[in-house]
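Enquirer: Let me see the structure of the following:
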Amino acid sequence: MAIYSLANTAAKKIPPVKVGLEKDIQHIFERNLEEILDITFLASEYSTSFGGRMDTLGIDHNGSPVIIEYKRTQNDSVINQGLSYLRWLLDHKADFEALTHKLNIETAIDWASPRVICVAESYNKFDLDTADLLPMDIELLRYRIYEQNILLVEPEVQRKIKISTSEIFGKPEKPKNGFKENIRHTVEDHLQGASPATKELFAELKERIAALDESIIEEAKAKYIAYKLTTNFCDVVILRDSLKIFINVPSGTLHDPAGIARDLAKPQPVGHWGNGDYEIKLDRKEDLESVMELVRQGYEYNK
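Expert: The predicted structure follows:
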């Protein structure tokens with residue numbers, strides 16, 4: 001994507017620059033992981049028992065473990081590495097839990113929704129085909145550094161084909177204490193308990209969100225449905241007779257003239273499933289336009 005600087009009405013293209021050292025982009029992400037991806041940094045070059053090292057290990061605000069791998073050359077098998085590390089992590093949960101405890105991370109760990117993120121300047125056809133055929137979403141991010149110290153990060157949009165997770169992760173473990181792991185969630189799962197009117201309301205909201213940008217990704221999580229570019233800008237919880245919508249902008253920054261959003265950070269922080277500091281309840285089509293004005297602000301803030 002071309003980036004331009006504007007002086008009055010004159011546009012000047014800002015040229016991209018090459019990253020100086022192999023590790024530079026990893027250091028940039030790790031030092032700014034919260035700002036770039038809304039992820040808490042845990043460890044760099046985290047050792048596994050089979051000798052491999054995860055580039056970056058983190059945890060997101062929903063408690064999902066996050067593995068980040070950086071593709072530095074066209075020949076790097078970064079997607080396969082990420083999957084291998086994920087399988088190791090799912091077999092060594094106690095190690096991850098001990099690390100979060102050591103770092104005083106109090107978020108409950110969501111082992112049902114682990115994440116693998118790959119970061120690269122570009123992806124070839126084989127990378128994209130591999131990601132398309134996987135039974136879980138591998139998040140592919142493209143970055144570019146420009147003059148004037150500008151960093152661009154955007155998602156590589158993928159098509160998804162559903163395949164049984166047993167083809168990669170083998171036979172599922174027996175439930176422990178009634179808990180059963182499930183790597184993939186679907187929008188249909190979230191709609192099961194909703195009334196016909198709520199389903200119709202969600203369908204219209206979803207259509208309007210998708211119309212904001214063709215690059216928007218819809219991702220069903222355990223507790224909500226996320227809409228994202230690089231990071232979530234809007235999360236939707238489907239209830240029987242209404243929708244709860246969380247806007248991912250900091251407290252005090254949302255322009256809400258109608259007063260329909262609840263600030264979850266003030267006066268006292270309120271725990272919630274989605275990302276961001278604002279919650280909206282939607283149960284009438286008449287309020288869709290007002291809600292979308294706030295969703296657009298989340299989109300603009302996170303794009």
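
Enquirer: Tell me which stretches of the stretch 151-300 of the chain form helices.
Expert: 166-169, 187-191, 196-210, 288-302 (DSSP state H, counting those that start in this stretch).

Enquirer: Could you export those helices as CSV, including mean neighbour count?
Expert: For glycine as for every other residue, the C-beta is placed from the backbone atoms N, C-alpha and C. Supplementary listing: the helices of the stretch 151-300 of the chain in CSV, determined by neighbours: other CB atoms under 10 Å:
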stretch, mean neighbour count
helix 166-169, 13
helix 187-191, 14
helix 196-210, 15
helix 288-302, 18
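
Enquirer: Can you report phi and psi for the most centrally placed residue in the chain?
Expert: When CA atoms, centre = their mean is applied to the chain, the residue found nearest the centroid is Thr231 (4.9 Å). Backbone dihedrals for Thr231, given as degrees, to the nearest 10, come out at phi -130, psi 160.

Enquirer: coming back round to it: nearest to Phe126, out of the helices of the stretch 151-300 of the chain?
Expert: helix 166-169 (17.1 Å; CB to CB).

Enquirer: which sections of the chain are below the confidence cut-off?
Expert: Within the chain, the stretches with pLDDT under 70 are 1, 19-23, 74-75, 157-183.

Enquirer: Next up, the contacts around the residue nearest to the centre of the chain.
Expert: Thr231 makes contacts with Ile36, Leu37, Asp38, Asn248, Asn275, Asn302, as judged by CB atoms under 8 Å, 6 or more residues apart in numbering.

Enquirer: for Val249, same thing?
Expert: Counted by CB under 8 Å, 6+ apart, Val249 has contacts Gly276, Asp277, Tyr278, Gln297, Gly298, Tyr301.

Enquirer: Distance to Ser47 added to the helices of the stretch 151-300 of the chain, as TSV?
Expert: Below are these laid out as TSV (distance: least, CB to CB, whole Å):
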stretch	distance to Ser47
helix 166-169	22
helix 187-191	36
helix 196-210	41
helix 288-302	33
